[in-house]
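Peer 1: Build the 3D model from these lines:
(2 chains)
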Amino acid sequence: EVQLVESGGGLVKPGGSLRLSCAASGFTFNSYSMNWVRQAPGKGLEWISSIDSSGMYIYYGDSMKGRFTISRDNAKNSLFLQMNSLRAEDTAMYYCARTRSYCTVGTCYSDWFDPWGQGTLVTVSS
Amino acid sequence: QSVLTQPPSVSGAPGQRVTISCTGSNSNFGAGYDVHWYQQLPGTAPKLLIYGNNNRPSGVPDRFSGSKSGSSASLAITGLQAEDEADYYCQSYDSSLNIYVFGTGTKVTVV
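Peer 2: Numbers count the residues shown, from 1 in each chain, chains lettered A, B, ... in the order given. Modelled structure (predicted):
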């Protein structure tokens, strides 16, 4: 069974740091790009960052650039998100998700996310 | 601010058909990027519902269907059931912002 399990969330003070982990199983982890997506309480989904299968190509949403760092360890089938200088507005459920794409004769579909982990809650508060 | 706009809520009686719109722009749907849909049941993680505009993953009932035309997309649920009460999100890629984007989300209520 394809599975993603996040960990590392918790309560942290403004300005603090936290490192999230995502353990992958049931698929060839080093063949897929991976993502972090977050959801503030009662709000919608926000894409945070992507990393390609090799770890060489990394992308961030504007509001996270410079504060968040995505990384992966293919030997340990794990994805990470280092979050620094945390703010109250970073309070959210953080999900990891696998990138999927598909090409058939004559067309390729743009990327989607499947599956998603169950999420880990980050609360930034004094 | 989300790049893809959805109605905040839609409702319908059991057995009815409801549709959820997702309005984009020339830098996402209009640029040829596909729409994907996710269902988020209360208290759970999002789950893929439709990929590549109108494709259902294995296990998703054929009551769910998707479409895309120009800069807009829609999700239809026919034969609405109580278990369909959830939040629904569209998703694509935006070539102007160079990021993956989600819709604002729509809460479906079965009345």
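
Peer 1: Count the residues that sit near residue 80.
Peer 2: The chain I'm using is chain A. Neighbour count for residue A:80, taken as other CB atoms under 10 Å in any protein chain shown: 19. Placement of C-beta: from N, CA and C, glycine included.

Peer 1: Not quite, go with chain B.
Peer 2: Residue B:80: 22 neighbours (other CB under 10 Å).

Peer 1: can you pull the contacts of it?
Peer 2: Residues in contact with residue B:80 (CB atoms under 8 Å, 6 or more residues apart in numbering or on different chains) are B:12-18, B:63, B:108, B:110.

Peer 1: Backbone dihedrals for residue 9, please?
Peer 2: The chain I'm using is chain A. phi -70, psi 170 (degrees, to the nearest 10).

Peer 1: Oops, wrong one, chain B.
Peer 2: Per degrees, to the nearest 10, the backbone of residue B:9 is at phi -150, psi 150.

Peer 1: Return the distance of the most centrally placed residue in chain A relative to residue A:113.
Peer 2: Nearest to the mean C-alpha position of chain A, by CA atoms, centre = their mean, lies residue A:36 at 1.7 Å. Going from residue A:36 to residue A:113 by CB to CB, to the nearest Å gives 10 Å.

Peer 1: between the two, what contacts are shared?
Peer 2: Shared contacts of residue A:36 and residue A:113 (CB under 8 Å, 6+ apart): residue A:97.

Peer 1: Centre of chain B to the edge, which residue is at the far end?
Peer 2: residue B:96 (21.4 Å).

Peer 1: What pLDDT does the model give the residue nearest to that one when sequence neighbours are not counted?
Peer 2: Spatial nearest neighbour of residue B:96, chain neighbours left out: residue B:27 (3.6 Å); criterion: CB to CB, 6 or more residues apart in numbering or on different chains. Looking at residue B:27, its pLDDT reads 94.

Peer 1: quick one, what contacts residue 19?
Peer 2: The chain I'm using is chain A. Going by CB under 8 Å, 6+ apart, the list of residues near residue A:19 reads A:8, A:80-83.

Peer 1: ah, I was thinking of chain B
Peer 2: B:10, B:74-77.

Peer 1: Next up, the contacts around the nearest residue to the residue nearest to the centre of chain A once chain neighbours are set aside.
Peer 2: Of all residues not flanking residue A:36 in the chain, residue A:48 sits nearest, at 4.2 Å (CB to CB, 6+ apart). Residue A:48 is in contact with A:35-38, A:60-61, A:64, A:68, A:70, A:81, A:94, counting by CB under 8 Å, 6+ apart.
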